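# model this:
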Amino acid sequence: MIYLELLLGFLQIGMFAFGGAYGAIPLIRDVVMSYGWLSEDQLTYMIAVSESTPGPIMVNMATYIGSSQGGILGAIIATSAVALPSFIIILIVSTILKNFAENPHFQAVLRGIKPCIIGIIISTGLYMIINNCRSGEGLNHVNILITLILLMFMLLHRRFLKSKASPIHLIIFAAILGIVFG
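Predicted structure coming up:
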């Protein structure tokens, strides 16, 4: 039964996840929570781990959740299920894209989807920040402080070094802050 649930759950994620991994996080959250595979905290930690390890977030999460729920076979099923729709879509799109690339209706669809994806990514980021800064009924002051320090680091980096902070530097700095304040 778990193998069928993994197949259906991750096929759903693979089929309807638009905008890359960050745009897919709300869908991943809904599917994972509906099946009860992870708690809210476990999912947040898994997103962080998946982001900091090599490979696409959705594949990393599918592999982890599949293996935790159904062993090696579960990992293979979940990973294959999340990747299969994209693989099929890419094959289809690549064969017909040259006919539609200049089509104004096709371009209009892409222009319409882009703001939606941006909104989903912003919403997901804000949701994760708010959940991270709350603990039960109150506020988690340590997480608020770490979030503010990271935000200041990013802003100061951009202002004085005239470039975006590297995700690697942010991850390392956040890990150090977690150790210091944890």
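# and the helices in the protein?
With helices called from DSSP state H, the chain shows them at 2-16, 20-35, 40-52, 57-100, 104-133, 141-161, 167-181.
# present the ones you listed as TSV; the columns should include mean pLDDT and mean neighbour count.
For glycine as for every other residue, the C-beta is placed from the backbone atoms N, C-alpha and C. Shown next, in TSV, are the helices of the chain (pLDDT from 0 to 100; neighbours: other CB atoms under 10 Å):
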stretch	mean pLDDT	mean neighbour count
helix 2-16	93	19
helix 20-35	84	18
helix 40-52	84	16
helix 57-100	89	17
helix 104-133	89	13
helix 141-161	91	13
helix 167-181	89	13
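# which residue packs closest to A174, ignoring adjacent ones?
L150 (5.9 Å; CB to CB, 6 or more residues apart in numbering).
# distance of the one you found from S135?
With distances taken as CB to CB, to the nearest Å, L150 is found 18 Å from S135.
# quick one, what contacts the closest residue to I25 other than its chain neighbours?
Distances taken as CB to CB, 6+ apart put T124 closest to I25, at 4.7 Å, once the chain neighbours are dropped. Contact analysis of T124 by CB atoms under 8 Å, 6 or more residues apart in numbering lists 22-23, 25-26.
# if we use 7 Å, what do you get?
Remark: with contacts taken as CB atoms under 7 Å, 6 or more residues apart in numbering, T124 is in contact with 22, 25-26.
# one more: E40?
E40 neighbours (CB under 7 Å, 6+ apart): none.
# measure it to F106 for me?
39 Å.
# again, but for I149
Going from I149 to F106 by CB to CB gives 44 Å.
# same deal with E5?
Applying CB to CB to E5 and F106 gives a distance of 36 Å.
# and for I65?
I65 is 35 Å from F106, by CB to CB.
# likewise for G112?
Relative to F106, G112 is positioned 11 Å away (CB to CB).
# next one: L151 from R159, what distance?
Where R159 is concerned, L151 sits at a distance of 12 Å (CB to CB).
# for the residue nearest to R134 when sequence neighbours are not counted, give me phi and psi.
Leaving aside its sequence neighbours, R134 sits nearest to N140 (CB to CB, 6+ apart; 6.3 Å). Taking degrees, to the nearest 10, you get phi -100, psi 100 for the backbone angles of N140.
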